[in-house]
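Participant: Got a predicted structure here, sequence first:
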Amino acid sequence: NAGVTQTPKFRVLKTGQSMTLLCAQDMNHEYMYWYRQDPGMGLRLIHYSVGEGTTAKGEVPDGYNVSRLKKQNFLLGLESAAPSQTSVYFCASRWLPGELFFGEGSRLTVL
Amino acid sequence: AQSVTQLDSQVPVFEEAPVELRCNYSSSVSVYLFWYVQYPNQGLQLLLKYLSGSTLVKGINGFEAEFNKSQTSFHLRKPSVHISDTAEYFCAVYNAGNMLTFGGGTRLMVKP
């Protein structure tokens, strides 16, 4: 029972490089979320999706893009990475309001 | 807009002692309230939730929380902690906007 799987788990980028984080869930959930976690700031919502083909901005969307081409996958992209995007990124999905299932996180360092 | 404040960033406590982790929220509408736990190098897991009804809710691992509407609080408690409870705990509020807003987290450090 995989739940929510994030790849890659670790990545180091240079400023200006691009990358994509992949999130896959096998629970047939409609809603999916991307959060970033920074010390002392909790989790902040970047983008979310309420179903296949839909995306919406969260609290801190600047510098990120997302796509939900398939129901089970939610991709987070950084077109031109900046040191301020060094963080741990978490994907989550849900069926019931507020009851999120999280992946194990992807640690990104931008030099 | 809604916000969540966790008043303590770190709470050290001895094993078998009681603990309370404080959470206050602000919202102009009715909300659902949650506590999540994050063990080292893992994602978050749901600990307990308040949707409606009884203001005292029980969760996993012996934790409970009390919803106080007048004080807009949702404090988490456990009567006797174990070393294995060492983790970071997050309070969160959900409203009809499809978004779950988290507090800054409280690191619970249980000492032997």
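Facilitator: Sure thing, it's come through.

Participant: and stretch B:97-109 with chain A, contact?
Facilitator: Yes. With C-beta under 8 Å from any C-beta of the partner chain as the measure, stretch B:97-109 is seen reaching chain A through B:98-105. For glycine as for every other residue, the C-beta is placed from the backbone atoms N, C-alpha and C.

Participant: residues in chain B within reach of chain A, list them.
Facilitator: B:4, B:6, B:9, B:32, B:34, B:36, B:41-46, B:49, B:90, B:92, B:94, B:98-105.

Participant: PyMOL command for the buried members of the residues you listed?
Facilitator: Selecting in PyMOL just the buried members of the residues of chain B next to chain A, where the criterion is 16 or more other C-beta atoms under 10 Å in any protein chain shown, is done with this command:
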select buried, chain B and resi 4+6+32+34+36+43+44+46+49+90+92+94+98+99+100+101+102+103+104+105
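
Participant: and after the helix or strand containing A:Arg44, which helix or strand comes next?
Facilitator: Taking DSSP states H and E as the criterion, A:Arg44 maps to strand A:43-49. Under the assignment DSSP H and E, the closest C-terminal helix or strand after strand A:43-49 is strand A:56-57.

Participant: What lies in contact with the strand holding A:Arg44?
Facilitator: Residues from elsewhere that reach strand A:43-49, judged by C-beta atoms under 8 Å, 6 or more residues apart in numbering or on different chains: A:31-38, A:55-61, A:64-66, A:68, A:74, A:76, A:89-90, B:44, B:90, B:98-102.

Participant: PyMOL command for the buried members of those residues?
Facilitator: A single PyMOL command suffices to select whichever of the contacts of strand A:43-49 are buried according to 16+ other C-beta under 10 Å:
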select buried, (chain A and resi 31+32+33+34+35+36+37+55+58+60+61+64+66+68+74+76+89+90) or (chain B and resi 44+90+98+99+100+101+102)
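
Participant: What residues does chain A have near chain B?
Facilitator: Of all the residues in chain A, those lying near chain B are A:4, A:31, A:33, A:35, A:40-45, A:48, A:50, A:56, A:58-59, A:90, A:92, A:97-100, A:102-105, going by C-beta under 8 Å from any C-beta.

Participant: Can you list which of the contacts of strand A:43-49 are found in strands?
Facilitator: Members of the contacts of strand A:43-49 lying in strands (criterion: DSSP state E): A:31-37, A:56-57, A:65-66, A:74, A:76, A:89-90, B:44, B:90, B:100-102.

Participant: In terms of pLDDT, where does the spatially most central residue of chain A sit?
Facilitator: The geometric centre of chain A, computed from its C-alpha atoms, lies nearest to A:Trp34 (C-alpha atoms, centre = their mean), at 3.1 Å. Among the per-residue scores, A:Trp34 shows a pLDDT of 97.
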